[in-house]
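1. coordinates for the following, if possible.
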Amino acid sequence: MWIVLTTSVITTTASAAPICAPGMMPTAGVPSMFDPRSAPAEMILDITWLVTAICAVIFIIMQGLIIWAIIRYRAKHADGDGSEPPQVYGSNPVELAWTVIPLLIVFVLFLVSARGIFEIDKQEPPAGALEVTVVGHRWWWEFDYGAQGFTTANELHVPLTKDGESQAVFLTLESADVIHSFWVPQLAGKKDVVPGRTNHLWLQPLEIGHYVGQCAEYCGAQHANMLINVFVHTEADFNRWVANQQRAASQNNDAAKGRDLFLSTACINCHTIRGTVANGTFAPDLTHLMSRATIGSGIVPNTPDNLRNWVWDPQTIKPGCDMPSMKLTKDETDLICTYLETLQ
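-> Residues are numbered from 1 along each chain as shown. As a prediction, this is how the structure comes out:
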């Protein structure tokens, strides 16, 4: 059966909001495939309801026949002499019914599922789609907006429309290490992210808002803290967000000491800050770090205190993550964080 229902517990609640300011944990409704907000998610739900309805009808009919047979023949046995009812072997009408009817049901389910698969499992981007490459890491998400010329992390931003028309979003899914799985229930189906293999997924949001997903394939100790935050904007808000992400890093002179210290540490081997010598690709791009609402793929809000604790020793917040403590002094940590806070 093509439809496989899975469950995932994600403890985020509250009303949807299209944009979340830095320092605030993004809020969204509890993610559910039964509350679709995208064209592919609606297709999946329609097929799910059809399969559920057919199975429910079969269940009701079969249970009804079983109960009827139990009641009728139990009563006959009680009133009779205890002998078995007539045993009938072979019935062309019955055999024809239990062969043809299941075949028709399977044929209908096959046609509906095949059509759904062809619609949902696109290997080429729809015309005019926004294309984003998604790379799963332990334990965070990288989003590469190739045509727009920048890379960000942990928060996928997409527009609701383009030139007044509904905007499709085509995701190319890759993994940098182990098997992950990209799943935002309200926007699309679940698709594995496999090392050495390229998979694809597409979205077509129907409403602006904030939608939460989760890595749905166990990938290690911090699997549960590998959230996916998708922000669907109006076209104007998305264009403003893109323009900001395309800018090089701020060169605030008030944070020059922190900038110089950051650029003299091993941080630059892992992180990129565009406009500086930091060009690492192993860890998230920090060029606009403070435009993000959370740190560590949604594990804590992006506040000054949390940022300092993260730089001081990430293992106290996300044990097992690949970022080590750099053994900085408190003063050095404050200087670096003062600089990072300028990266809006």
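2. only C-alpha atoms from now on, for both contacts and neighbour counts.
-> Will do.
3. off-centre distance for the helix or strand harbouring Q63?
-> Q63 belongs to helix 39-79 when assigned by DSSP states H and E. Remark: helix 39-79 is offset 34 Å from the chain centroid, using CA atoms, centre = their mean, to the nearest Å.
4. now for that helix, which elements pack on it?
-> Where contact means 3 or more CA pairs under 8 Å, 6 or more residues apart in numbering; DSSP states H and E, helix 39-79 is packed against helix 92-120, strand 199-203.
5. report the buried residues of the longest one.
-> Residues of helix 92-120 classed as buried under the neighbour-count rule (16 or more other CA atoms under 10 Å) are 109, 113, 116, 120.
6. ok, now stretch 221-237?
-> Those would be 222-235, 237, for stretch 221-237 by 16+ other CA under 10 Å.
7. export only the CA atoms of it, formatted as PDB.
-> Provided in PDB are the C-alpha atoms of stretch 221-237 (Å, rounded to 0.1, in the frame of the first residue of the first chain):
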ATOM      1  CA  ALA A 221      21.600  11.200  19.600                       C
ATOM      2  CA  GLN A 222      20.200  14.600  18.600                       C
ATOM      3  CA  HIS A 223      17.700  13.300  16.100                       C
ATOM      4  CA  ALA A 224      14.800  14.700  18.000                       C
ATOM      5  CA  ASN A 225      16.400  18.200  18.000                       C
ATOM      6  CA  MET A 226      16.600  18.500  14.200                       C
ATOM      7  CA  LEU A 227      13.600  20.600  13.600                       C
ATOM      8  CA  ILE A 228      12.500  22.100  10.300                       C
ATOM      9  CA  ASN A 229      11.100  25.600  10.300                       C
ATOM     10  CA  VAL A 230       9.400  26.700   7.100                       C
ATOM     11  CA  PHE A 231       8.200  30.400   6.800                       C
ATOM     12  CA  VAL A 232       5.800  31.200   4.000                       C
ATOM     13  CA  HIS A 233       5.800  34.900   3.300                       C
ATOM     14  CA  THR A 234       4.000  37.300   1.100                       C
ATOM     15  CA  GLU A 235       5.900  38.000  -2.100                       C
ATOM     16  CA  ALA A 236       7.000  41.500  -0.900                       C
ATOM     17  CA  ASP A 237       8.200  40.100   2.500                       C
END
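8. beta-bridge partners for Y211, please?
-> V230 (DSSP bridges).
9. I figured it hits Q186, correct?
-> Yes: at 7.1 Å, Y211 counts as touching Q186 under the criterion of CA atoms under 8 Å.
10. list the residues that contact both of the two?
-> When contacts are counted by CA atoms under 8 Å, 6 or more residues apart in numbering, Y211 and Q186 are jointly contacted by P31.
11. buried stuff in stretch 141-150?
-> Buried residues in stretch 141-150, counted by 16+ other CA under 10 Å: 141-145, 150.
12. phi, psi of I295?
-> phi -120, psi 150 (degrees, to the nearest 10).
13. show me the contacts for Q246.
-> Contacts of Q246 by CA under 8 Å, 6+ apart are 148-150.
14. got it, and W312?
-> Shown in contact with W312 (CA under 8 Å, 6+ apart): 325-328, 330, 333.
15. one more: P31?
-> If you count contacts by CA under 8 Å, 6+ apart, P31 has them with 10, 184-186, 211-213.
16. that one belongs to a strand?
-> No: assessed with DSSP: H, G, I helix; E, B strand; the rest coil, P31 is coil; it does not lie in a strand.
17. roughly how far apart are it and G128?
-> Between P31 and G128 the distance is 28 Å, computed by CA to CA, to the nearest Å.
18. ok, now A53?
-> A53 is 36 Å from G128, by CA to CA.
19. domain parsing for the protein?
-> Domain segmentation of the chain under automatic domain parsing yields 39-120, 253-340.
20. which one of those is the most hemmed in?
-> domain 253-340 (a mean of 18; mean count of other CA atoms under 10 Å).
21. start to end distance for that one?
-> 13 Å.
22. likewise for stretch 192-204?
-> 19 Å.
23. now it: average pLDDT?
-> In this model, stretch 192-204 has an average pLDDT of 95.
24. then stretch 224-243?
-> Regarding stretch 224-243, the rounded mean pLDDT is 95.
25. what's the end-to-end length of it?
-> One end of stretch 224-243 sits 32 Å from the other (CA to CA).
26. chain center to that stretch: distance?
-> 13 Å.
27. quick revisit: among the buried residues of stretch 221-237, which are located in strands?
-> Among the buried residues of stretch 221-237, DSSP state E puts 227-233 in strands.
28. tell me where this structure has helices.
-> Ranges of helices in the chain, per DSSP state H, are 39-79, 92-120, 235-246, 256-263, 304-312, 330-340.
29. re earlier: which among the contacts of P31 gets closest to H157?
-> Of all the contacts of P31, Y211 has the smallest distance to H157: 10.4 Å, by CA to CA.
30. which of the domains of the chain has the lowest average pLDDT?
-> Among the domains of the chain, domain 39-120 carries the lowest mean pLDDT (a mean of 86).
31. endpoints of it, how far apart?
-> End to end - CA to CA - domain 39-120 spans 9 Å.
32. from here on, count from 32
-> Understood, numbering begins at 32; the last thing we discussed is domain 70-151.
33. what's the closest of the buried residues of stretch 172-181 to C301?
-> E173 (13.4 Å).
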